[in-house]
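Engineer: The following comprises the amino acid sequence and a computationally predicted model.
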Amino acid sequence: MEKLKERKQGEGDAAERQQAAQDQAEAQREAVLKQHLTDGARQRLNAIEMSKPQVAKQVKQQVVALAQSGRVQDRIDEQQMKELLKELQPDSTSFDIQHR
């Protein structure tokens, strides 16, 4: 019985460590975003996150990757954020409906 308690305790510790590592990684990503995005770009990203969380996640990953690779010289402003969003948006197909 005591071994079972110890095993559950060990599994709980592993889950806590994993959660702590994920929280730390998220905090680092947020710090990188805060450092490399202007207020306007951050506001635009937050607005996107409310409506399209998957797209916002992609953009965040892209910005972090650009920052870590050193390809971001200055802070990303709102105009650059718009361009980045356009690049990551899939091409929408338009349908032309003709009535006879």
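Structural biologist: That came in fine, so what should we check first?
Engineer: can you map out the helices along this protein?
Structural biologist: 2-36, 39-51, 53-69, 78-88 (DSSP state H).
Engineer: Switch those helices over to CSV; also include mean pLDDT, mean neighbour count and distance to Gln98.
Structural biologist: For the C-beta atoms, the positions are set from N, CA and C on the backbone; glycine is no exception. Listed next are the helices of the chain as CSV, based on pLDDT from 0 to 100; neighbours: other CB atoms under 10 Å; distance: least, CB to CB, whole Å:
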stretch, mean pLDDT, mean neighbour count, distance to Gln98
helix 2-36, 81, 11, 46
helix 39-51, 93, 15, 32
helix 53-69, 90, 15, 32
helix 78-88, 88, 14, 29
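Engineer: okay if I get those helices as TSV plus distance to Asp96?
Structural biologist: TSV is the format used below for the helices of the chain (distance: least, CB to CB, whole Å):
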stretch	distance to Asp96
helix 2-36	40
helix 39-51	27
helix 53-69	26
helix 78-88	22
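Engineer: Spit out the contact partners of the residue lying closest to Glu49 once chain neighbours are set aside.
Structural biologist: Leaving aside its sequence neighbours, Glu49 sits nearest to Ala56 (CB to CB, 6 or more residues apart in numbering; 3.7 Å). If a contact means CB atoms under 8 Å, 6 or more residues apart in numbering, then Ala56 has Leu45, Asn46, Ile48, Glu49 as its contacts.
Engineer: Many thanks, I have nothing further to ask.
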